[in-house]
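A.B. asks: I'll drop the sequence and a predicted model, then ask my questions.
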Amino acid sequence: MKLSFVGTGMIGGGLAVNAALHGYDVSLYDLLDPEKVKTNIRGIFNIMVESGACTEQEAEKAMSLMTFTQNIKEAVEGAVFIQECVPERLELKQETYRKIQEIVGDNAIIASSTSTIFPSKLSDGALFPNKIIVGHPFNPSYVLPLIEVCGPQADMSTIDEAVKIYKSMGKEPVICKKEVNGFIANILSLMVKDMSMKAVLDGVCSVEDIDKAIMYGPGLRMAITGQLLTMSLGVPGGFREMSAKYGHTDPEIIRQECEIADGVDAEIENREEFMGRTVEDIIKFRDKTIVDILKLYRKF
Ligand SMILES: NC(=O)c1ccc[n+]([C@@H]2O[C@H](COP(=O)([O-])OP(=O)(O)OC[C@H]3O[C@@H](n4cnc5c(N)ncnc54)[C@H](O)[C@@H]3O)[C@@H](O)[C@H]2O)c1
């Protein structure tokens, strides 16, 4: 099955490497000389091999599945999924979709890597707006699994298919159901950045200490159980018991916490077996994983 990557810089190159390592035929399109793109891609494979993400043989095999072109028709023809990773300019992205959809019609999904532009804007005036979604990755895209999928104007089948394809590339897609600035994760990152800067500028602590406060504390837990599950694990009975523990009596807060508790229950049920599917097993998995990470930091 062919996947196409349009724009092969920092983000597109990394995702293309993931796709090829998972056995897809991968076509890479850029305005740059294909030899230059090839050199960049080899650089990413070298990082993957050196970091142990794949073997040299796997990297070679994946490289052989890649084609490099400056011809858009050649790049997208026959592709079922096209990840657009051109610079963050609305008109450039819209013009790129027009060219692509004139070639592929509505036979391929186009997912944009945009960090800031809403899918309704991207697809405005497109030939097939229901085939255009956002698939927002994170840098370094060749190792970070998260992809935020957003496309309230797209067909549900388009979203489902995109999720399936990302999973088959080794990624971890999440659905952003509404068009909101920063989608899901960047809202949190920006809030933490703002509060971190404030702590330093108010003289609360140094830059080094605010970073250590995350790296050696909540950051380790969040890497394993996110934010809401982490908080839930901190109180026996989870969110349903939080108000009682902290003395809240506001019925609206209690209602909200119960709604979150239902979500945590669903999350626990959906976890992979090896990550634990009961509170006790999750805590065991969390503690073991924290120790594994801290061994890398030479703390144990
Ligand atoms: N860099 C990040 O941390 C990051 C994270 C998430 C999402 N994004 C998004 O990913 C997209 C790409 O960002 P990037 O950081 O990879 O940029 P980049 O500058 O590293 O890469 C862009 C690539 O697109 C190519 N290009 C330019 N015009 C083109 C055209 N008309 N057709 C085909 N290729 C073209 C360039 O030659 C370059 O190789 C942007 O929308 C950005 O917002 C970036």
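C.D. replies: Arrived safely.
A.B. asks: Please tell me how far residue 30 sits from residue 16.
C.D. replies: Residue 30 is 10 Å from residue 16, where distance means Cβ to Cβ, to the nearest Å. (Each C-beta comes from the backbone N, C-alpha and C, glycine too.)
A.B. asks: so who does the closest residue to the ligand within the chain touch?
C.D. replies: Of all residues in the chain, residue 9 sits closest to the ligand, at 1.9 Å by Cβ to the nearest ligand atom. Contact analysis of residue 9 by Cβ atoms under 8 Å, 6 or more residues apart in numbering lists 30, 40, 85.
A.B. asks: Can you lay out those residues as a markdown table showing secondary structure, distance to residue 250 and neighbour count?
C.D. replies: As requested, those are exported to a markdown table (DSSP: H, G, I helix; E, B strand; the rest coil; distance: Cβ to Cβ, whole Å; neighbours: other Cβ atoms under 10 Å):
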| residue | secondary structure | distance to residue 250 | neighbour count |
| --- | --- | --- | --- |
| 30 | coil | 55 | 22 |
| 40 | helix | 54 | 17 |
| 85 | coil | 46 | 27 |
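A.B. asks: Which ones among those also lie next to the ligand?
C.D. replies: 30, 85 (Cβ under 6 Å from any ligand atom).
A.B. asks: Looking at the contacts of residue 9, spot the one nearest residue 149.
C.D. replies: The closest of the contacts of residue 9 to residue 149 turns out to be residue 85 (Cβ to Cβ; 15.3 Å).
A.B. asks: Now do the contacts for that closest one.
C.D. replies: Taking Cβ under 8 Å, 6+ apart as the test, what residue 85 contacts is 5, 6, 7, 8, 9, 11, 12, 15, 113.
A.B. asks: Which one (most neighbours) among those residues?
C.D. replies: residue 5 (31 neighbours; other Cβ atoms under 10 Å).
A.B. asks: what about that residue, helix or strand, and which?
C.D. replies: strand 2-6 (DSSP states H and E).
A.B. asks: Same list (the contacts of residue 9) but as TSV, adding pLDDT.
C.D. replies: What follows is these, written out as TSV (pLDDT from 0 to 100):
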residue	pLDDT
30	98
40	98
85	98
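A.B. asks: Switch the contacts of residue 9 over to CSV, and while doing so, append distance to residue 207 to every line.
C.D. replies: Converted to CSV, the contacts of residue 9 look like this (distance: Cβ to Cβ, whole Å):
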residue, distance to residue 207
30, 37
40, 32
85, 32
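A.B. asks: Show me which residues of the helix or strand of the chain with the lowest mean pLDDT are buried.
C.D. replies: When the helices and strands of the chain are compared on mean pLDDT, DSSP states H and E, helix 242-246 comes out lowest with a mean of 93. If you call a residue buried by 16 or more other Cβ atoms under 10 Å, then helix 242-246 has these buried ones: 242, 243.
A.B. asks: What is the helix or strand that it is followed by packed up against?
C.D. replies: Going down the chain from helix 242-246, the next helix or strand is helix 251-270, by DSSP H and E. Where contact means 3 or more Cβ pairs under 8 Å, 6 or more residues apart in numbering; DSSP states H and E, helix 251-270 is packed against helix 228-233, helix 242-246.
A.B. asks: so who does residue 200 touch?
C.D. replies: Counting by Cβ under 8 Å, 6+ apart, residue 200 has contacts 206, 207, 210.
A.B. asks: how does it look with 10 Å?
C.D. replies: For residue 200, the contact set (Cβ atoms under 10 Å, 6 or more residues apart in numbering) comprises 206, 207, 208, 209, 210, 211.
A.B. asks: thinking again about what came up before, what sits up against the least confident helix or strand of the chain?
C.D. replies: For helix 242-246, the external contacting residues (Cβ under 10 Å, 6+ apart) are 231-232, 234-237, 248-251, 253-258, 260-261.
A.B. asks: Show me how this protein divides into domains.
C.D. replies: 2-175, 216-296 (automatic domain parsing).
A.B. asks: ok now the longest one, how far from the chain's centre?
C.D. replies: On the basis of Cα atoms, centre = their mean, to the nearest Å, domain 2-175 is displaced by 13 Å from the centre of the chain it belongs to.
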